[in-house]
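Undergrad: structure for the following, please:
(2 chains)
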Amino acid sequence: MSLMKRISLIFRSKASKAIDRAEDPRETLDYSYQRQVELLTKVRRGVADVATSRKRVELQVTQLEQQAAKLTAQAQKAIEVGREDLAREALTRKSALTSQIGDLQAQHAQLQAEEEKLVSSQQRLQAKVEAFRTRKETIKATYTAAEAQTRINEAVSGIGEEMGDVGLAIQRAEDKTAQMQARAGAIDELIASGALDDATATNRGDDIARELDALSSTSDVEAELARLKAGAQPQAIEAPESGPILAGEAQAQPVADEEGRS
Amino acid sequence: MIVRILGEGQLDVPETALDRLNELDGAVERAVEAGDEAAFTAALAALLDGVREVGVAHPADSLDESDLILPPADATLDEVREMLGDDGLVPG
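TA: Okay, the predicted model is just below:
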């Protein structure tokens, strides 16, 4: 037998087994409707769960991207101060982050696709539940119990298949979301545990930042020293041009001012 | 006839397309039997594309049962085996 037919038969028999059949066939309609409404709630919750996971991954991507940008800036700064080794280190860390980001972006795309699928499942189920509700009332009002049986079976079987489909979609989305959450959680944990600290700490500052800070404070000291020395020399006559920089320097300033005025 | 692609909904497919779809279905079945994941993925995609190509969306507010039900597009070989009742697909 063809694959399509086998899957159809198995799927349909599962779907029809899942439907409660009441003693009074009309009650079957109400039970079934109740189950449909419950399933609609479940699928809405599923959509919300997937959206939450998607947003979490989005946030992680943003965090890692900020970190990557910071490492690029550090590499740039390291090159400016002639520390190729530091620049190399920063870029190596950035490349590790870049692959993490790529991985997260792929997860994000999957979650987004899953979310869209669930939303469209929800819309289809919603349309069918509405149709069922109308049909249910018609059957109840128009037919005797005996006549109603056939129509009830048709309606219940028709929606049973949709419910089976939506149920499966929810289950698949839950499985995928759980996997993604486990991976997203692992990244959160890595960040929290400090294993990625050097590469991802945004506030505490990392070893590259510390070394660059040390370098820049050394060069600031040298620069200030040079300015002080220059201020003590006669050629400081040109100092007023760079006045604002020296404004806070009590020792150099009066000399420059005097020279400038005379 | 009405064909449901799981996760995508129902499509009305003309009977005339059935021969071609049976061919595509045969390829999926062979891949499942051979346990060839790559061939399975390609064959399933071809089958679903074939259905989508000739099918038009069945009204969402109908309560009609499908004549055929197909696995979702992202189904794996194992999932399809599971759908078939996990019987290892031994014919007969």
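Undergrad: any idea which element the one residue in the stretch 151-262 of chain A that gets nearest to chain B lies in?
TA: The minimum distance from the stretch 151-262 of chain A to chain B, using CB to the nearest CB, falls at residue A:158 (3.2 Å). Just so you know, the C-beta spots here come from the backbone N, C-alpha and C atoms, and that holds for glycine as well. For residue A:158, the enclosing helix or strand under DSSP states H and E is helix A:145-193.
Undergrad: that helix packs against which elements?
TA: On a contact count with 3 or more CB pairs under 8 Å, 6 or more residues apart in numbering or on different chains; DSSP states H and E, helix A:145-193 meets helix A:3-17, helix A:25-80, helix A:84-142.
Undergrad: and those as JSON lines, adding mean neighbour count?
TA: Shown next, in JSON lines, are those (neighbours: other CB atoms under 10 Å in any protein chain shown):
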{"stretch": "helix A:3-17", "mean neighbour count": "18"}
{"stretch": "helix A:25-80", "mean neighbour count": "17"}
{"stretch": "helix A:84-142", "mean neighbour count": "17"}
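Undergrad: return the member of those helices having the minimum mean pLDDT.
TA: For these, the weakest mean pLDDT is recorded on helix A:3-17, namely a mean of 79.
Undergrad: quick one, phi/psi of the spatially most central residue of chain B?
TA: Central residue of chain B (CA atoms, centre = their mean): residue B:70, 3.1 Å from the mean position. The phi/psi pair for residue B:70 (degrees, to the nearest 10) reads phi -110, psi 150.
Undergrad: skipping adjacent residues, who's closest to it in space?
TA: Nearest non-adjacent residue to residue B:70, counting by CB to CB, 6 or more residues apart in numbering or on different chains: residue B:5, 4.9 Å away.
Undergrad: wait, doesn't the one you found sit right on residue B:75?
TA: No. Counting by CB atoms under 8 Å, residue B:5 sits too far from residue B:75 to count as a contact (10.2 Å).
Undergrad: show me what contacts residue A:107?
TA: Neighbouring residues of residue A:107 by CB atoms under 8 Å, 6 or more residues apart in numbering or on different chains: A:57, A:180, A:183-184.
Undergrad: among these, which one is most surrounded by other residues?
TA: Counting neighbours by other CB atoms under 10 Å in any protein chain shown, residue A:57 leads these with 25 neighbours.
Undergrad: quick check: it vs residue A:188, distance?
TA: Noted for residue A:57: a distance of 11 Å to residue A:188, by CB to CB, to the nearest Å.
Undergrad: spell out which parts of chain B neighbour chain A.
TA: With CB under 8 Å from any CB of the partner chain as the criterion, chain B meets chain A at residues B:3-4, B:6-9, B:21-22, B:25-26, B:28-29, B:32, B:60-72, B:80, B:83-85.
Undergrad: mark which of those are part of strands, please.
TA: B:3-4, B:9, B:68-70 (DSSP state E).
Undergrad: now distance to residue A:25 and pLDDT too, for those, in a markdown table please.
TA: Below are those laid out as a markdown table (distance: CB to CB, whole Å; pLDDT from 0 to 100):
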| residue | distance to residue A:25 | pLDDT |
| --- | --- | --- |
| B:3 | 29 | 93 |
| B:4 | 26 | 93 |
| B:9 | 28 | 92 |
| B:68 | 28 | 91 |
| B:69 | 26 | 91 |
| B:70 | 31 | 92 |
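Undergrad: could you identify the most distant pair in the residues you listed?
TA: B:9 and B:68 (13.3 Å; CB to CB).
Undergrad: which one of those two has more residues nearby?
TA: Of the pair residue B:9 and residue B:68, residue B:68 is the one with more neighbours under other CB under 10 Å, namely 23 against 20.
Undergrad: any chance you could map the helices in chain B?
TA: For chain B, the helices defined by DSSP state H cover B:18-34, B:37-54, B:77-83.
Undergrad: which strands and helices lie in contact with the longest one?
TA: I take that to be helix B:37-54. Looks like helix B:37-54 contacts strand B:2-5, helix B:18-34, strand B:68-70, helix B:77-83 (3+ CB pairs under 8 Å, 6+ apart).
Undergrad: pick out the residue in chain B sitting closest to chain A.
TA: residue B:63 (3.2 Å).
Undergrad: thought that residue was touching residue A:134?
TA: No. Using CB under 8 Å, residue B:63 makes no contact with residue A:134, being 10.0 Å away.
Undergrad: where does chain B have low pLDDT?
TA: B:85-92 (pLDDT under 70).
Undergrad: hmm, what's the outermost residue in it?
TA: Max distance from the centre of chain B (CA atoms, centre = their mean): residue B:61, 22.5 Å.
Undergrad: what distance do you get for the nearest residue to residue A:5 once chain neighbours are set aside to residue A:62?
TA: Nearest non-adjacent residue to residue A:5, counting by CB to CB, 6+ apart: residue B:68, 6.8 Å away. Using CB to CB, residue B:68 is found at 44 Å from residue A:62.
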